[in-house]
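Visitor: using only what follows, build the 3D model:
(one chain, ligands or ions: 2)
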Amino acid sequence: MNKYLVSIGIKVIFLLIISISITLIGCERMSQQTGVFPTTPEKQANATIASSNDSGITGEAEFTQNDDQVTFMIEIQGATPGLHAVHIHEYGDCSAPDGTSAGGHWNPTGVAHGKWGEGEFHLGDIGNINVGEDGTGSISLTTDLWEIGTGSDIDVVGKSIIVHAGADDFISQPSGAAGARIGCGVIELSE
Ligand SMILES: [Cu+2]
Ligand SMILES: [Zn+2]
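Guide: Residues are numbered from 1 along each chain as shown. Ligands and ions are numbered 1, 2, ... in the order given. So this is what the prediction gives:
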């Protein structure tokens, strides 16, 4: 065989090996990327907020868990403009017209009331909803400090969401001096 043809042949084989390698590395990258998405279905819980103390407010709250991160969102309607505290309270019971059946702040870690993410705070200390002139407002939060439907101490299911007439000052004990309860909803596992 001609030396020139042999040399061309070697070059072609070499190029083929290179291009197959690149393709294989590309596929490996793609399969690693698809591995980023959770393999188990996400868990959800929700609470329908109904009026307490005849405030007339309504709302919806939702918890969604992806891996160890739980994202919370609440939207309320029919509230007075300004800041309204929202907390998770310890009992999933909204039967009392003034919302007191929901008990105190959910506090499974046994610490002081405070501002979320700063020093000590109850696991129920979500914060304040800023309600606009149209009477609607929302707040969201993502955390790895809660779980959904595990039955553990940090499981939000079976607790309640309480919306207050006033703002949480993040200082006053045991509940931030947020005033009367104007909305309540039991947190239930979504089907
Ligand atoms: Cu509260
Ligand atoms: Zn608190």
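Visitor: CA atoms of the strand or helix carrying residue 75 as CSV?
Guide: Per DSSP states H and E: residue 75 is located in strand 69-77. Extracted in CSV, the C-alpha atoms of strand 69-77 (Å, rounded to 0.1, in the frame of the first residue of the first chain):
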residue,chain,number,x,y,z
GLN,A,69,-36.1,23.3,50.1
VAL,A,70,-39.7,24.3,50.9
THR,A,71,-41.2,27.3,49.2
PHE,A,72,-44.1,29.1,50.9
MET,A,73,-46.4,31.6,49.2
ILE,A,74,-49.5,33.4,50.5
GLU,A,75,-51.8,35.8,48.9
ILE,A,76,-54.7,37.6,50.7
GLN,A,77,-57.6,39.7,49.6
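Visitor: can you list the strands that it pairs with?
Guide: strand 58-66 (antiparallel), strand 137-143 (antiparallel) (DSSP bridges).
Visitor: let me know which of these is tucked in deepest.
Guide: Each of the strands paired with strand 69-77 was scored by mean neighbour count; the highest is strand 58-66, a mean of 20, by mean count of other C-beta atoms under 10 Å. (Glycine included, C-beta is placed from N, CA and C.)
Visitor: bridging residues for the spatially most central residue of the chain?
Guide: The central residue of the chain, meaning the one whose C-alpha is nearest the mean C-alpha position (C-alpha atoms, centre = their mean), is residue 71 at 1.5 Å. Legend: beta-bridge partners of residue 71 under DSSP bridges are residue 64, residue 142.
Visitor: next up, the contacts around it.
Guide: Residue 71 makes contact with 63, 64, 65, 140, 141, 142, according to C-beta atoms under 8 Å, 6 or more residues apart in numbering.
Visitor: of those residues, closest to residue 120?
Guide: Checking the contacts of residue 71 against residue 120 by C-beta to C-beta gives residue 141 as the nearest, at 17.1 Å.
Visitor: against ligand 1, how distant is that closest one?
Guide: For residue 141, the distance to ligand 1 equals 15 Å [C-beta to the ion, to the nearest Å].
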